[in-house]
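# let's see this in three dimensions:
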Amino acid sequence: MKKVFIDGKDGTTGLKIYSRFENRQDIELLLIDSEKRKDLKERARLINESDITFLCLPDAASVEALSLVENENTTIIDTSTAHRTLDGWAYGFPELSQWHRDKIKSSKRIAVPGCYASGFNSIVYPLVKNGFITPDYDIVCYALSGYTGAGKKGIAQYEDKDRDKELDSPRLYALSQEHKHLKEMKAISGLSKEPIFSPIVCDYPQGMVVSIPLFTNKMTKKYTTNNICDMFSEHYSTSNIVKVRELGYTSGMIASNTFANRDDMEIEINGNSERILITARFDNLGKGASGAAIQCMNIAMGIDEKTGLNIGE
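Here you go, the predicted model:
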């Protein structure tokens, strides 16, 4: 039985991870007294007693927590942005390649991907890796997310009965093109420059669609939708968590809230001979956060990666 500590259990991701252990018989949760949750000595004791510690903290606090680790056998799974592009850290998206999976399995330091970055890299990494686009392709990405991605303060704002009327509509943000996920989007995908990224937060709790449009005449050759679908299907052929749908799977509209409370991801290719639209649909709190964290833990433990996850058809 593995001893697990969640540093930052009261945050959005921490609470989700905690709730997933309710029926796990292979986990012993180490709990901190609520009055000591900011006590460095108590946190250090629990981190070093654990086999696995989840860091569900802001970036600076995650860096501080890492400095408390003295037990070389403790595996750290960090959900913040602090360590996602650092050498020595495994990037927690095992479906990208066998190398990514093996590194998660062998590493004591695992960084859980950002929600938007998960959808982005699920699309752009295979395109670059398989030579369908060059690393200097001018990528544009837009994405829709439920408001739970905004954290506890954002959730409270959206769920306030006296909230601002502006919150009734989708809201475009990161207007300065300085979103915190851009660094890992570039680094992990293999791009030589950051994309234009337009995230939109919407008035529903959970779910996300990340979209990448492509001009076929700007790719390394003029690929068809069949070519692109076949490549993605092959790239994710061994995964039952990241699923590539057949062409024409959605004939009308792709909703962004239909994967709420699921831990899998769906990729679709649509478009025509000149313009392609590739989308990734998933739950920003599932495969985009706590579900990915649990999947990484399962891989590190050497057990079925789907343990404790909700995987749809």
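# helix, strand, or coil at residue 211?
strand (DSSP: H, G, I helix; E, B strand; the rest coil).
# hang on, isn't it packed against residue 277?
Yes. Under the criterion of Cβ atoms under 8 Å, residue 211 makes contact with residue 277 at 6.2 Å. All C-beta atoms are positioned from the backbone trio N, CA, C, and that covers glycine.
# between the two, who's got more neighbours?
Using other Cβ atoms under 10 Å, the more surrounded residue of residue 211 and residue 277 is residue 211, with 22 against 15.
# for the more buried one, list the residues it contacts.
141, 142, 143, 277, 278, 279, 280 (Cβ atoms under 8 Å, 6 or more residues apart in numbering).
# turn those residues into TSV, columns for pLDDT.
As requested, the contacts of residue 211 are exported to TSV (pLDDT from 0 to 100):
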residue	pLDDT
141	98
142	96
143	98
277	98
278	98
279	98
280	98
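# out of these, which are inside strands?
Here DSSP state E is the test, and the contacts of residue 211 give 141, 142, 143, 277, 278, 279, 280 as lying in strands.
# of the residues you listed, grab the buried ones for PyMOL.
Buried members of those, defined by 16 or more other Cβ atoms under 10 Å, are picked up in PyMOL with:
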select buried, resi 141+143+278+279+280
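# check the offset of stretch 171-182 from the chain's centre.
Distance of stretch 171-182 from its chain centroid, counting by Cα atoms, centre = their mean, to the nearest Å, is 17 Å.
# next, the distance between the ends of it.
19 Å (Cα to Cα, to the nearest Å).
# just the C-alpha atoms of the lowest-mean-pLDDT helix or strand in the chain, please, in CSV.
When the helices and strands of the chain are scored by mean pLDDT, DSSP states H and E, helix 151-158 comes last with a mean of 88. The C-alpha coordinates for helix 151-158 follow below in CSV (Å, rounded to 0.1, in the frame of the first residue of the first chain):
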residue,chain,number,x,y,z
GLY,A,151,-9.9,28.1,-9.6
LYS,A,152,-11.7,28.6,-6.4
LYS,A,153,-12.0,32.4,-6.7
GLY,A,154,-13.2,32.2,-10.3
ILE,A,155,-15.7,29.5,-9.4
ALA,A,156,-17.1,31.6,-6.6
GLN,A,157,-17.4,34.6,-8.9
TYR,A,158,-19.3,32.5,-11.5
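# next helix or strand past it?
For helix 151-158, the succeeding helix or strand toward the C-terminus, using DSSP states H and E, is strand 171-172.
# contacts for the least confident helix or strand of the chain, please.
Counting by Cβ under 8 Å, 6+ apart, 11, 12, 147, 148, 150, 163, 167, 201, 203 sit against helix 151-158.
# which positions in that helix come out as buried?
Per 16+ other Cβ under 10 Å, helix 151-158 contains these buried residues: 155, 158.
# go on, stretch 22-40?
Neighbour-count burial for stretch 22-40 flags 27, 30, 32 (criterion: 16+ other Cβ under 10 Å).
# got it, and stretch 48-67?
Neighbour-count burial for stretch 48-67 [16+ other Cβ under 10 Å]: 48, 50-57, 61-62, 65-66.
# those: which two are farthest apart?
51 and 61 (21.5 Å; Cβ to Cβ).
# the stretch 51-200 of the chain: strands as residue ranges?
Along the stretch 51-200 of the chain, counting by DSSP state E, counting those that start in this stretch, strands occupy 52-55, 75-78, 90-91, 109-111, 140-146, 171-172, 196-202.
# just put the ones you listed in CSV and tack on distance to residue 228.
As requested, the strands of the stretch 51-200 of the chain are exported to CSV (distance: least, Cβ to Cβ, whole Å):
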stretch, distance to residue 228
strand 52-55, 36
strand 75-78, 33
strand 90-91, 24
strand 109-111, 29
strand 140-146, 16
strand 171-172, 28
strand 196-202, 21
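# nearest to residue 123, out of the ones you listed?
Using Cβ to Cβ, those put strand 140-146 closest to residue 123, at 8.4 Å.
# starting at the chain centroid, how far to the closest one?
The answer for strand 140-146 is 13 Å, by Cα atoms, centre = their mean.
# now do stretch 32-47
27 Å.
# wait, residue 184 sits on residue 116?
No. Applying Cβ under 8 Å as the test, residue 184 and residue 116 come out as separate, 9.5 Å apart.
# pretty sure residue 17 contacts residue 293?
Yes. Assessed by Cβ under 8 Å, residue 17 is found in contact with residue 293 at 5.8 Å.
# need the residues touching each of those two.
Both residue 17 and residue 293 are contacted by residue 54, under the criterion Cβ under 8 Å, 6+ apart.
# so where does residue 243 fall, helix or strand?
Residue 243 belongs to strand 242-244, assigned by DSSP H and E.
# related to what we said a few turns ago, for the contacts of residue 211, which one is nearest residue 178?
Each of the contacts of residue 211 was scored against residue 178 by Cβ to Cβ, and residue 141 proved nearest at 14.5 Å.
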